[in-house]
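Student: requesting a structural model of the entry that follows:
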Amino acid sequence: MRRILRDVRHEELIKSLTTGDAAIFGEIWRLMLFAAALGIKSGRKRAPLGKSDSGKAIPDNYFSAPCWPGFLYLIGVADSEDSGCLKGTDENSDALITAFEEYANIGLEILHERIGISSAPLDGILSLMLESVTPPIEPPTLDGLI
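Tutor: Okay, here's the model as predicted:
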């Protein structure tokens, strides 16, 4: 399976979310999984990568979550509406990785839009997560408890 690429225009965002004392994601692959899920949930069309740096590509074995292969297959089946992507060919494997990269690209765009207007990145991400829950969950309040 080929290495996973990302658009270089997201490097500052990726760095801010994965490094330093206020890092929200411990590893880039975790951010990429979140971004791909966010991209799919958004309902936007896949966004091809612009410029990428092959030196920063991530080997798929870095994605150590047990759900990784299943996540790729679900993306492929949902995107193509066909189970042919499940056949273990190099062409199908590349198509699955491309779909993942393009959905992650959308998710990173959404994160950039949201975090750009948020005073704290974690608040922006939590807000996105709360909005995606159906029915919406209201943040808890202390009204009536005191």
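
Student: where does the protein dip in pLDDT?
Tutor: Within the chain, the stretches with pLDDT under 70 are 116-119, 133-140, 142-146.

Student: let's see that with 90 instead.
Tutor: Residues of the chain meeting the criterion pLDDT under 90: 1-2, 12-13, 16-27, 41-46, 52-70, 76-93, 113-146.

Student: report the central residue of it.
Tutor: residue 35 (1.6 Å; CA atoms, centre = their mean).

Student: centre of the chain to the helix or strand it falls within, how far?
Tutor: Following DSSP states H and E, one finds residue 35 within helix 28-42. The chain centre lies 1 Å from the centre of helix 28-42; the measure is CA atoms, centre = their mean, to the nearest Å.

Student: which strands or helices does the helix or strand just after it pack on?
Tutor: Using DSSP H and E, the helix or strand that follows helix 28-42 in sequence is helix 68-80. Judged by 3 or more CB pairs under 8 Å, 6 or more residues apart in numbering; DSSP states H and E, the packing partners of helix 68-80 are helix 28-42, helix 90-117. Placement of C-beta: from N, CA and C, glycine included.

Student: quick one: list the elements packing against the shortest one.
Tutor: Under the contact criterion of 3+ CB pairs under 8 Å, 6+ apart, the helices and strands touching helix 28-42 comprise helix 11-18, helix 68-80, helix 90-117, helix 121-132.

Student: list the contacts for the nearest residue to residue 10 once chain neighbours are set aside?
Tutor: Nearest residue to residue 10, sequence neighbours excluded (CB to CB, 6 or more residues apart in numbering): residue 108, at 4.4 Å. Each residue near residue 108 by CB atoms under 8 Å, 6 or more residues apart in numbering is listed here: 6, 7, 10, 13, 14, 35, 39.
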